[in-house]
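J.: need coordinates for the following:
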Amino acid sequence: MNDISKITQFGDFYQINAEFNIEKLFDELEDHKDKWAKYNPRKDWIKRDGLCILNERGECGPGPALDSLGEWNKEYGTKFQEEDFNVPTELYKESSELQRVVGPMLNWSVRSHFLRLPPGGYFPPHRDNVYGEQTSFRLIWALENCNPPHCRFMLEDKTLNFEYGQCYVVNTTKVHTLFNCSANYDSIWLVINAQVTDESIRFVQDNLSER
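T.: Okay, the predicted model is just below:
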């Protein structure tokens with residue numbers, strides 16, 4: 001059995017070597033700018049959008065990958081689980097920068113996407129895992145307008161500060177929240193839901209930025 005403690009032993013917030021060239025990445029996103037979809041549309045009063053990298057069908061757009069999985073399954077009578085969201089979308093297939101950085105993680109990555117929080121967009125305090133064994137962890141890249149004073153990612157009572165384009169392991173089983181309080185600028189992030197496997201554990205161990 002794979003052990004999440006082999007990931008969390010290094011800390012609740014730490015950097016690994018998997019850096020994006022943000023300018024190139026954004027250039028490649030430009031052809032897909034009309035494919036953003038509402039994130040968790042059941043809470044349509046919260047401003048936030050998603051753009052899929054990996055989902056259940058390999059096509060960007062709205063669907064269960066950007067929704068509450070439990071609510072989607074209940075409404076549509078489906079039985080989706082996280083491991084079902086492992087198909088690269090056209091965005092991934094057409095982005096050499098995503099392939100360069102995310103490619104080595106593809107075997108153990110599942111539901112993954114860009115997030116866009118317009119001014120006033122937020123995630124309220126929550127935990128990503130409550131019941132059962134924790135079988136995944138979060139890899140997060142801050143890409144644009146992600147740090148104070150205009151945007152704030154809180155892990156419990158601590159404000160996190162990100163280096164743009166760098167990859168971070170964040171222990172999101174702890175209470176965390178995110179809020180874009182800027183007046184004029186979107187906050188752009190990339191989030192990978194990584195499965196806890198021998199391969200993903202070794203990847204983190206091999207790529208710690210500080211050893």
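
J.: three-state assignment of G50?
T.: Judged by DSSP: H, G, I helix; E, B strand; the rest coil, the three-state class of G50 is strand.

J.: pLDDT score for it?
T.: With respect to pLDDT, G50 scores 98.

J.: for it, list the residues it contacts.
T.: By Cβ atoms under 8 Å, 6 or more residues apart in numbering, G50 lies in contact with 36-39, 65-66, 113-116. Heads up, the C-betas are built off the backbone N, CA and C, glycines and all.

J.: between these, which has the most around it?
T.: Highest neighbour count within these, by other Cβ atoms under 10 Å: A65, with 29 neighbours.

J.: list the contacts of it.
T.: 50, 52, 54-56, 85, 111, 113.

J.: which one of those is nearest N180?
T.: The nearest member of the contacts of A65 to N180, counting by Cβ to Cβ, is G50 at 14.7 Å.

J.: surely F13 touches F162?
T.: No: look at F13 against F162 with Cβ atoms under 8 Å: they stay out of range, at 9.2 Å.

J.: anything in contact with each of the two?
T.: The contact sets of F13 and F162 overlap at Y168 (Cβ under 8 Å, 6+ apart).

J.: so where's the protein uncertain?
T.: 1-2 (pLDDT under 70).
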